[in-house]
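Visitor: give me the fold of what follows.
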Amino acid sequence: MRRRFRADDKRAKSRPKPTRVKHRSAPDVTRNRSASVAGRETVVAELTQERDEALLRETANSEILRLISSSPGNLELVFRTILENATRICNAKFGNLFRFDGENYYPVAEFNTPAALLDAITRRGRFRPSPGISLDHVMRTKQVFHSADMAAEPVVALSTKFGGARSQVTVPMLKDEALIGAIVIYRQEVRPFTDKQVELVKNFAAQAVIAIENTRLLNELRESLERQTATADVLRVISSSPGALEPVFQAMLENATRICEAKSGFLFRSDNDGMRIVASLHEQADFVEQMKHQAFKLGPSTPNGRAALTRQIVHVPNLMEDQAYLEREPLAVWAVEQANVRTVLVVPMTKGEELIGIFGIEREEVKPFTDKQIALVQNFAAHAVIAIENARLLKELRERTEEVEKLNLHLEQRVADQVGEIERTGRLRRFLSPQVADLIVASGEEKQLESHRREITALFCDLRGFTGFSESSDPEDVMALLRDYHAAIGEIIIKYSGTLERYAGDGVMVVFNDPVPVDNPALQAVLMALEMRDAIGALTEKWRRLGHDIGFGIGIAHGFATLGTIGFEGRFDYAAIGTVSNVASRLCDEAKPAQILISPRVLMAVEDAVAVEPVGEFELKGIRRPLAAYNVLATKLAN
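Guide: Below is the predicted model of the structure:
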């Protein structure tokens, strides 16, 4: 029994002792339960925030993609929407989007930007970023720039100085590893952006690149379609108007200027006398219309002249920087300042080595033409040559199919008309300025030359000392001097539209206000006299160095005269008969070298325009009473 008891006792000792449960108090249980509930609520809040942020991101992405697809080409709206969503979802204050052209940034969109910063960015325009700022970092590395506090950066950026920016993230916009822009969003407090927020902005940057690429492709497609349509339109006009070149040329210009976003255009044809405008698209239509009626030489320094001489395309991105043109061409200032021409493209029209003409378009802003636009104008120039050649061939075919007799009659009549016109024009040009002669020829009648009475201004001029010179000099020297003299005053007479009434040796009589009326003939005569005096003054100095003491005097009078043609068949002159002619001649006789003597009636008409000095009264042959005379000193009119 004892032994069994010990065994039982031993087994009892080996049994594990029962665990004693310690009961928690009621406050401990409540605290643990509260902590568990708070943890679950935090997790739920975080999940809810993540869900809301994801929903915002998805909504923003959907809106941007919808804009890209529904508003192709409207990059401004897409960029602003991207900025607005990026700023709002990332809890930022404002944002900017910049494009990069390979060298400079330029702003294209903004959202909620402070006025002072926006003004600074706008005034800056295109810019290359200063070293050390975020855009410089992005330009160099093509990596994201994230600053927790811009105020702590080594370089103070405009965004901090004018916009109060503190935390900032700048994300590059990349296409095939090439930088094409950047998105920047800012906070005005120190609160760094999270990785998710940075990734979100990177996603928006990728969408901006997609929008830019879509717009580029759409523009290329639209431009290609426009080019094809324009070419088809020109070909249609060519086929529907055989031989009629003007509508073809006009259609070419209209299509070229429209597609190339140009302001004006010209098409010149070559002829024996130079270049003629055969089609134009220009705001100053009256000026261009006048130019159409005359042939002119193109200055070798002008874009048109260079294209004509070299038979090569001339593309001037900025006419204001074309020094050869500005310094050498008389009309350069007018083209740049009055016509506001800036960018010019000129394409020569050639057939083999022969220059047929030139095709040019112009812009009022500095904006170079693209390669595709240049190719389009080249294509139109080639079509213009084809149209000209077709018109020539068609004209030849029509001429060859006409009856021989009708052709002969036509040619005979044409020759007779041309000979008569040449004789008539030559007769008129003997005593009229080219402008007046052309006017009378164009009118088809010569009633202006019939005998009539009119109030005119007469100018008489001759050389002082010419008689003595001609008596003591060789005939060759006399003729050479007269050639220089006549050439100098002849150009001036033409310039002032004077009518050459008499041309004998060194004496010249010019009348104004007949046969073409002049607003103020007296002033026209005096201004011409002043220019004559300057021109002959240079010649007299030259003659004086050669040992010839020769001067120049002028007399001008105003009054009524009888005018008309006098002479016989085959030899007619235009004459002014009356006291006014005699007074002008007598005043010229009294004039000392370099003097311009005018009558009182002339003075009344020009006293506000010129400065004069009285020279006393003269007893003039054939004039009953003494006549007061005045010497013209200079003009008061501004040049």
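
Visitor: grab the nearest non-local neighbour of residue 179.
Guide: residue 100 (5.1 Å; C-beta to C-beta, 6 or more residues apart in numbering). From N, CA and C alone the C-beta is placed, and that goes for glycine too.

Visitor: quick one: pLDDT of the one you found?
Guide: As predicted, residue 100 sits at a pLDDT of 93.

Visitor: got a list of what it touches?
Guide: Counting by C-beta atoms under 8 Å, 6 or more residues apart in numbering, residue 100 touches 139, 173, 179, 180, 181, 182.

Visitor: out of these, who has the most neighbours?
Guide: residue 182 (27 neighbours; other C-beta atoms under 10 Å).

Visitor: check which helix or strand that residue maps to.
Guide: Residue 182 is part of strand 178-186, with elements assigned from DSSP states H and E.

Visitor: name the residues that touch that strand?
Guide: 82-83, 86-87, 90, 92-100, 105, 108, 134-135, 138-139, 142, 159, 163, 165-174, 193, 201, 204-205, 208-209, 212.

Visitor: which of those residues are buried?
Guide: Taking 16 or more other C-beta atoms under 10 Å as the criterion, what is buried in the contacts of strand 178-186 is 82-83, 86-87, 90, 92-100, 105, 108, 134-135, 138-139, 159, 163, 165-174, 193, 201, 204-205, 208-209, 212.

Visitor: I'd like to know which of these are part of helices.
Guide: Within these, residues falling in helices by DSSP state H are 82-83, 86-87, 134-135, 138-139, 159, 163, 201, 204-205, 208-209, 212.

Visitor: picking that back up, what's opposite the residue nearest to residue 179 in the beta bridge?
Guide: Following DSSP bridges, residue 100 is listed with bridge partners residue 105.

Visitor: ramachandran coordinates for the closest residue to residue 294 other than its chain neighbours?
Guide: Counting by C-beta to C-beta, 6+ apart, residue 276 is the residue found nearest to residue 294 once chain neighbours are left out, at 7.7 Å. Per-residue torsions, residue 276: phi -130, psi 140 (degrees, to the nearest 10).

Visitor: touching, residue 276 and residue 269? I think so.
Guide: Yes - with contact defined as C-beta atoms under 8 Å, residue 276 counts as touching residue 269 (5.3 Å).

Visitor: SS state for the residue most central in space within the chain?
Guide: The residue lying closest to the centre of the chain (C-alpha atoms, centre = their mean) is residue 341, at 1.8 Å. For residue 341, the assignment made with DSSP: H, G, I helix; E, B strand; the rest coil gives coil.

Visitor: surely it meets residue 335?
Guide: Yes - counting by C-beta under 8 Å, residue 341 does reach residue 335; the two are 4.8 Å apart.

Visitor: find residues that contact each of those two.
Guide: Common contacts of residue 341 and residue 335, defined by C-beta under 8 Å, 6+ apart, comprise residue 319.

Visitor: so for the strand or helix carrying residue 522, mean pLDDT?
Guide: According to DSSP H and E, residue 522 maps onto helix 521-545. Averaged across helix 521-545, pLDDT comes to 91.

Visitor: tell me the helices and strands packed up against it.
Guide: strand 452-464, helix 475-495, strand 507-512, strand 551-568, strand 596-598, helix 600-606, strand 627-635 (3 or more C-beta pairs under 8 Å, 6 or more residues apart in numbering; DSSP states H and E).

Visitor: now it: how far from the chain's centre is it?
Guide: Here the centre of helix 521-545 is set off from its chain's centre by 38 Å, with C-alpha atoms, centre = their mean, to the nearest Å.

Visitor: quick one: buried residues of that helix?
Guide: Buried residues in helix 521-545 (16+ other C-beta under 10 Å): 521-533, 535-536, 539-540, 543.

Visitor: go on, stretch 632-639?
Guide: Using 16+ other C-beta under 10 Å as the test for burial, stretch 632-639 gives 632, 635.

Visitor: neighbouring contacts of it?
Guide: Here stretch 632-639 makes contact (C-beta under 8 Å, 6+ apart) with 526, 527, 529, 530, 596, 598, 608, 609, 610, 611, 612, 613.

Visitor: for this protein, give me the ranges with low pLDDT.
Guide: 1-73, 217-243, 283-293, 401-405, 407-408, 410-411, 415-448, 569-572, 639 (pLDDT under 70).

Visitor: okay, now the domains of the protein?
Guide: 51-218, 241-397, 444-635 (automatic domain parsing).

Visitor: just to revisit the earlier point, want to throw the helices and strands packed on helix 521-545 into JSON lines with distance to residue 74?
Guide: Output for these, formatted as JSON lines (distance: least, C-beta to C-beta, whole Å):
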{"stretch": "strand 452-464", "distance to residue 74": "68"}
{"stretch": "helix 475-495", "distance to residue 74": "57"}
{"stretch": "strand 507-512", "distance to residue 74": "64"}
{"stretch": "strand 551-568", "distance to residue 74": "70"}
{"stretch": "strand 596-598", "distance to residue 74": "70"}
{"stretch": "helix 600-606", "distance to residue 74": "65"}
{"stretch": "strand 627-635", "distance to residue 74": "60"}
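
Visitor: compare these and give me the one nearest residue 355.
Guide: helix 475-495 (29.8 Å; C-beta to C-beta).

Visitor: how far off centre is that closest one?
Guide: Put simply, helix 475-495 sits 41 Å off its chain's centre (C-alpha atoms, centre = their mean).

Visitor: which parts of it are buried?
Guide: 478, 481, 485, 488, 489, 492, 493.

Visitor: good, wrapping up.
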